[in-house]
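Visitor: dropping a prediction and its sequence here:
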Amino acid sequence: MPSRSSARLAALTVAAVCSATSVVVLTSPAHADAVRVHDIQGTTRLSPYAGQKVADVPGIVTAVRDYGSSKGFWLQDPTPDDNPATSEGVFVFTSSAPKAVVGDSVTVSGTVSEYVPGGTASGNQSLTEITKPVVTTVSSGNAVPAPVVIGKHSVPDDYTPAGDANGSVNSAQLAPSTYALDYYESLEGMNVQVANTRVVTGTDPYAELWVTVKPGEHRTPRGGTLYGSYDSQNTGRLQIQSLGATADFPQANVGDTLKGATTGPLDFNQYGGYTLVASSLGTLKSGGLERETTRAQSARQLAVATYNVENLDPSDNTFAQHASAIVNNLRSPDVVSLEEIQDDNGATDDGTVSAGVTVNKLIDAIVAAGGPRYDWRSIDPVNDQDGGEPGGNIRQVFLFNPERVSFVDRAGGDSTTAVGVTKDHGKAHLTASPGRIAPDDAAWKASRKPLAGEFVFRGKTVFVIANHLNSKGGDQALTAQYQPPTRSSETQRHAQATLVNAFVKDVLSVQKDANVIALGDMNDFEFSDTAKILEGRGELWSAIKSLPKKERYTYDYQGNAQVLDQILISPEIRRNGSFAYDSVHINSEFHDQISDHDPQVLRFRP
């Protein structure tokens with residue numbers, strides 16, 4: 001594997017490029033003392049020339065982007081300096097389709113800019129660009145500088161340095177041999193290459209996928225890369241896009257391989273940070289990943305599942321697929337907590353809050369797939385008060401199989417009335433079933449309120465609390481200029497978790513051996529403070545921790561297999577030792593997913 005310096009210098013060995021009609025000689029820069037690309041990039045994340053005009057910056061055009069809102073081309077100096085911290089590539093923003101052609105030797109005059117994808121409020125790192133350019137073509141048909149090969153030995157294991165007093169790493173001197181983010185930054189805008197890389201997030205609707213250049217880094221049994229703690233970042237992750245037609249982009253699943261070389265400039269964007277924008281893509285080789293099927297519950301076991309069906313509304317064409325997943329992959333659980341059920345006209349914001357059409361369409365599809373005819377309970381939210389897609393009025397819904405489990409209906413539950421706990425003959429009961437937990441508390445502003453229900457299975461009462469906590473939207477990215485990044489969404493989520501735990505405490509204070517399950521899309525990791533608050537002092541325990549660590553994931557985001565969905569259980573369920581937990585991987589690892597979440601199933605004997 002060539003070193004960074006040798007890869008840069010390889011292009012210098014080419015004195016001329018021959019064609020059938022001409023020999024194009026590489027020329028010297030028009031002005032030998034002109035500012036060069038490595039001077040513009042400098043040794044920190046911010047250019048020392050930011051905001052200044054530069055003239056006659058020489059280089060070779062390595063790639064052209066003539067689509068989207070960021071049109072331009074990448075310029076790379078074929079004569080590098082000897083400092084590994086300074087990139088030799090830079091993006092030239094032309095705003096309209098550039099006239100430059102790959103292989104052109106050009107000089108560029110313009111203004112150096114630090115563009116922050118997503119805006120400064122995002123906390124993202126900036127991309128150094130030359131804007132308002134005047135481009136002079138010196139010659140054409142030149143060899144593109146050889147790509148720097150990014151591999152497992154070149155990317156450091158430490159992710160990033162800590163920020164300064166303000167949290168920012170912008171002014172820190174780059175240490176590309178020490179930190180992974182510094183290494184990638186030192187290659188910003190340069191022609192790079194990865195080879196024979198494993199896919200760790202499948203192709204998304206925007207023709208993007210993620211690979212790892214470190215095949216052994218926190219590998220899951222199914223080929224992903226596990227995100228197991230805040231201090232254990234996956235440094236080998238890299239996003240891949242294409243400069244070609246998106247119709248030709250490979251439809252990849254986790255565990256597939258991009259065989260051969262994938263080559264192109266290293267960009268930075270708001271949807272994943274450092275991204276190889278491929279001029280040439282490797283060939284997709286399938287890893288043979290298949291969707292999982294859980295084991296069916298026994299006659300004496302109660303099966304309880306949680307499944308985020310991603311903004312399901314009557315206009316969607318995924319009902320049959322969701323039904324098949326519930327019947328065939330989840331084996332028709334007795335109780336299913338559904339998250340992101342939308343109202344009966346989806347995102348149309350006309351005051352509709354009922355969801356009977358949505359739910360019954362799913363129930364009918366389940367019957368058609370060979371499953372039971374589920375009954376259901378839910379509480380309609382106040383219009384436009386529970387967050388999610390505007391007009392969608394998402395909420396949690398209980399499906400339950402009345403042939404296996406009964407629901408205790410107790411009047412009084414509505415969108416604004418708080419459910420409580422009472423005692424009857426030494427046993428805990430809900431004041432309303434279904435009911436919502438503290439719906440007027442500020443913790444639930446623009447967020448889903450937990451739905452509590454009382455079920456009976458084989459004569460035993462089971463309390464189930466369906467949750468969809470505040471999303472992680474608004475948190476700073478792992479590649480942010482602020483390190484460690486701020487997780488601002490935690491503030492509201494922690495307040496929500498505190499209320500859920502307090503409600504469970506109320507149940508257990510009345511009946512310490514009560515069977516209580518809090519489940520749903522918790523929007524946080526099993527090792528997070530949110531999970532710790534939910535668990536409290538043993539009131540609950542996240543049952544996904546019963547799985548081997550490498551199998552603990554429900555979601556795949558930017559190359560990180562991670563936990564967002566959880567089923568937490570009370571001490572009585574954990575103590576009897578009869579429970580079994582399964583994260584059923586049917587969505588998150590696949591390019592043709594019907595939801596971005598994997599469902600979770602708990603089987604136990606109350």
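Guide: Here it is on my side, so go on.
Visitor: C-terminal to the longest helix along the chain, what's the next element?
Guide: Longest helix of the chain, by residue count under DSSP state H: helix 490-510. Heading C-terminal from helix 490-510, the first helix or strand you meet, by DSSP states H and E, is strand 515-521.
Visitor: and that next one, how far from the chain's centre?
Guide: Centroid displacement of strand 515-521 relative to its chain, using C-alpha atoms, centre = their mean, to the nearest Å, is 24 Å.
Visitor: break down this structure into its helices, ranges please.
Guide: Under the criterion DSSP H, the chain contains helices at 4-10, 37-41, 180-185, 319-324, 356-368, 490-510, 529-535, 571-575.
Visitor: out of those, which comes closest to I586?
Guide: I586 lies closest to helix 319-324 among the helices of the chain, at 9.6 Å (C-beta to C-beta). For the C-beta atoms, the positions are set from N, CA and C on the backbone; glycine is no exception.
Visitor: name the helices or strands packed onto that closest one?
Guide: Counting contacts by 3 or more C-beta pairs under 8 Å, 6 or more residues apart in numbering; DSSP states H and E, helix 319-324 is packed against strand 302-312, helix 356-368.
Visitor: CSV for the ones you listed, including mean neighbour count and mean pLDDT?
Guide: As requested, the helices and strands packed on helix 319-324 are exported to CSV (neighbours: other C-beta atoms under 10 Å; pLDDT from 0 to 100):
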stretch, mean neighbour count, mean pLDDT
strand 302-312, 26, 98
helix 356-368, 18, 98
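Visitor: dump the ones you listed into a markdown table; add distance to F463 as well.
Guide: Output for those, formatted as a markdown table (distance: least, C-beta to C-beta, whole Å):
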| stretch | distance to F463 |
| --- | --- |
| strand 302-312 | 11 |
| helix 356-368 | 22 |
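Visitor: among these, which is nearest S489?
Guide: Nearest to S489, of all the helices and strands packed on helix 319-324, is strand 302-312, at 16.7 Å by C-beta to C-beta.
Visitor: partner strands of that closest one, with direction?
Guide: Strand 302-312 pairs in its sheet with strand 335-341 (parallel), strand 600-604 (antiparallel), by DSSP bridges.
Visitor: so what's the gap between the first one and the chain middle?
Guide: Think strand 335-341. Centre to centre, stretch against its chain (C-alpha atoms, centre = their mean), the figure for strand 335-341 is 21 Å.
Visitor: how does the chain divide into domains?
Guide: Domains of the chain are assigned by automatic domain parsing as 4-139, 148-285, 302-604.
Visitor: mind checking how far the last one is from the chain centre?
Guide: For domain 302-604, the distance between its averaged C-alpha position and the chain's averaged C-alpha position is 20 Å (C-alpha atoms, centre = their mean).
Visitor: returning to what we had before: out of the strands paired with strand 302-312, which one sits most buried?
Guide: Stretch with highest mean neighbour count among the strands paired with strand 302-312: strand 335-341 (a mean of 27; mean count of other C-beta atoms under 10 Å).
Visitor: got the CA coordinates for it in CSV?
Guide: Coordinates of the C-alpha atoms in strand 335-341 are reproduced here as CSV (Å, rounded to 0.1, in the frame of the first residue of the first chain):
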residue,chain,number,x,y,z
VAL,A,335,-48.9,-7.8,22.1
VAL,A,336,-47.3,-5.4,19.6
SER,A,337,-46.5,-1.8,20.5
LEU,A,338,-46.5,0.1,17.2
GLU,A,339,-44.7,3.5,17.0
GLU,A,340,-45.3,6.1,14.2
ILE,A,341,-48.9,5.2,13.4
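Visitor: what's in contact with it?
Guide: Contact with strand 335-341 is made by 302-312, 326, 330, 355, 358-359, 362, 374, 378, 388, 394-401, 405, 448, 451, 455, 464, 466, 468, 519-521, 597, as judged by C-beta atoms under 8 Å, 6 or more residues apart in numbering.
Visitor: now do that strand against strand 515-521, angle only.
Guide: Angle of strand 335-341 versus strand 515-521, following axes from the mean of the first three to the mean of the last three C-alpha atoms, to 10 degrees, is 30 degrees.
Visitor: quick one: average pLDDT of strand 335-341?
Guide: Mean per-residue pLDDT for strand 335-341: 98.
Visitor: relative to helix 356-368, how tilted is it?
Guide: 130 degrees.
Visitor: run through this structure and note the low-pLDDT ranges.
Guide: Low-confidence segments of the chain (pLDDT under 70): 1-33.
Visitor: let's see that with 80 instead.
Guide: Judged by pLDDT under 80, the chain has its weakly predicted residues at 1-33, 244-247.
Visitor: beta partners of L338?
Guide: Y307, V397.
Visitor: how close does it sit to P48?
Guide: Look at L338 and P48: by C-beta to C-beta, to the nearest Å, they are 54 Å apart.
Visitor: repeat that for Y555.
Guide: Counting by C-beta to C-beta - Y555 and P48 are separated by 41 Å.
Visitor: which one's more surrounded, those two?
Guide: The neighbour comparison of Y555 against P48 (other C-beta atoms under 10 Å) goes to Y555, with 23 against 13.
Visitor: would you mind measuring from that one to P161?
Guide: Separation of Y555 from P161 (C-beta to C-beta): 28 Å.
Visitor: same question for S70.
Guide: For S70, the distance to P161 equals 28 Å [C-beta to C-beta].
Visitor: E292 now?
Guide: Remark: distance between E292 and P161 (C-beta to C-beta) = 39 Å.
Visitor: show me the contacts for the nearest residue to T283 once chain neighbours are set aside.
Guide: Nearest residue to T283, sequence neighbours excluded (C-beta to C-beta, 6 or more residues apart in numbering): K259, at 4.8 Å. Residues near K259 by C-beta under 8 Å, 6+ apart: 196, 282-285.
Visitor: redo the domains of the chain as JSON lines? Include distance to A296.
Guide: Formatted as JSON lines, the domains of the chain follow (distance: least, C-beta to C-beta, whole Å):
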{"stretch": "domain 4-139", "distance to A296": "46"}
{"stretch": "domain 148-285", "distance to A296": "22"}
{"stretch": "domain 302-604", "distance to A296": "4"}
